[in-house]
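# Please find the sequence and the predicted model below.
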Amino acid sequence: MPFQSLETEINKYKNASKITWCQEEHQNQGPYFYIEPRIRSTLKHVKSKCHEVEYAGRAPLASTATGLHKLHEKELKDFLKVAMS
């Protein structure tokens with residue numbers, strides 16, 4: 001069922017030049033490493049022009065937070081800029 005939903009959405013944008021996965025969690029703490037290969041498989045299955053998944057989010061980190069609000073806000077601003085470009 002999740003693959004069907006993903007396939008339906010990707011088919012709406014078959015000519016997209018890139019797919020971007022955006023998450024607020026650090027790269028090693030959210031679902032990115034689980035979902036990225038599944039998105040790539042679905043892109044190939046529907047014969048999309050795009051076969052890579054770009055990541056927009058916080059860099060990998062051992063702790064769950066930076067501990068500094070200003071840094072947290074800067075990271076958020078930076079990855080949202082990437083996600084929306």
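Sure thing, it's come through.
# Report the mean per-residue pLDDT for the longest helix anywhere in the chain.
If you go by DSSP state H, the chain has its longest helix at helix 69-84. Averaged over helix 69-84, pLDDT sits at 90.
# for it, packing partners?
With contacts defined as 3 or more Cβ pairs under 8 Å, 6 or more residues apart in numbering; DSSP states H and E, helix 69-84 has these neighbours: strand 19-26, strand 53-58. Placement of C-beta: from N, CA and C, glycine included.
# residue contacts, the spatially closest residue to Gln27 that is not a sequence neighbour?
Of all residues not flanking Gln27 in the chain, Pro60 sits nearest, at 4.7 Å (Cβ to Cβ, 6 or more residues apart in numbering). With contact taken as Cβ atoms under 8 Å, 6 or more residues apart in numbering, Pro60 is in contact with 26-28.
# same deal with Glu24?
Counted by Cβ under 8 Å, 6+ apart, Glu24 has contacts 30, 57-58, 76.
# which ones are touching Thr20?
Per Cβ under 8 Å, 6+ apart, neighbours of Thr20: 53-56, 82-83.
# hang on, I meant Arg40
51-53.
# And it, how far from His72?
Distance, Arg40 to His72, using Cβ to Cβ, to the nearest Å: 30 Å.
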